[in-house]
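K.L.:
turn this into a structure:
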Amino acid sequence: MENLTRRKFFQGAGVMAAAAAVGIPIYKGIREHGPVDIRLFFFSKDPIVIKGDLLADHDQDLFRVRVYHKDKVNLTAEMMLSEIQKIVSMPRKKIRLQMTVMGNGNINKEQVSGISRNGTLSFLIGEEGSPVWLMLEDVKRVL
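P.N.:
So this is what the prediction gives:
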């Protein structure tokens, strides 16, 4: 291993300071945002609004949505972060992805479609494509 000299230390610190000044994150790591509103239709014309939060782990390529009921996590849905980024970067294009849903001691893997449009990130679940959506503004906070 090479010795760390004062000059090398300041050069490295200067590079990191310059990157931070222009807005380039050095390490994205894990980002969380919440509470967020998760909307879905359930036997009515008006959407039901459920509270939840979002998590993005850039190191493990993980996007997680947690759904709360009475201040406890009731359901967790996980997807690949890279697929969510692709959906957000390609508005109005429907993209298939795998969603792992965990709740009540069960783990289910489902194929869903994702689409971003009109300020929302929507997931079409099931054969009929029942929509569940998040505000795109909230999703972008963890990307």
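K.L.:
next SSE after the worst-scoring helix or strand of the chain on mean pLDDT?
P.N.:
Every helix and strand in the chain was compared by mean pLDDT, DSSP states H and E; the lowest is helix 6-21, with a mean of 67. Once the chain leaves helix 6-21, the next helix or strand it forms, by DSSP states H and E, is strand 30-40.
K.L.:
which helix or strand lies directly C-terminal to that following strand?
P.N.:
Following strand 30-40 in sequence order, the next helix or strand is strand 48-57 (DSSP H and E).
K.L.:
who does that next one pair up with?
P.N.:
As defined by DSSP bridges, the strand partners of strand 48-57 come to strand 30-40 (antiparallel), strand 62-69 (antiparallel).
K.L.:
tell me the most buried of the ones you listed?
P.N.:
Of all these, strand 62-69 carries the top mean neighbour count, a mean of 19, counting by mean count of other CB atoms under 10 Å. C-beta: built from backbone N, CA, C; applies to glycine.
K.L.:
and the gap between the closest residue in space to residue 32 that isn't next to it in sequence and residue 129?
P.N.:
Spatially, and ignoring its direct neighbours in sequence, residue 32 is nearest to residue 55 (4.9 Å; CB to CB, 6 or more residues apart in numbering). According to CB to CB, to the nearest Å, residue 55 stands 26 Å off from residue 129.
K.L.:
now swap in residue 84 and tell me
P.N.:
18 Å.
K.L.:
residue 55 and residue 129: who's more crowded?
P.N.:
The neighbour count for residue 55 versus residue 129, taken as other CB atoms under 10 Å, is higher for residue 55 (18 against 12).
K.L.:
for the more buried one, list each beta-bridge partner.
P.N.:
Assigned bridge partners for residue 55, using DSSP bridges, are residue 32, residue 64.
K.L.:
got it, and residue 36?
P.N.:
As for beta bridges, residue 36 partners with residue 52 under DSSP bridges.
K.L.:
got the contact list for it?
P.N.:
When contacts are counted by CB atoms under 8 Å, 6 or more residues apart in numbering, residue 36 touches 51, 52, 53, 54, 134, 135, 138.
K.L.:
ok, now with 7 Å
P.N.:
Residues near residue 36 by CB atoms under 7 Å, 6 or more residues apart in numbering: 52, 53, 54, 134, 138.
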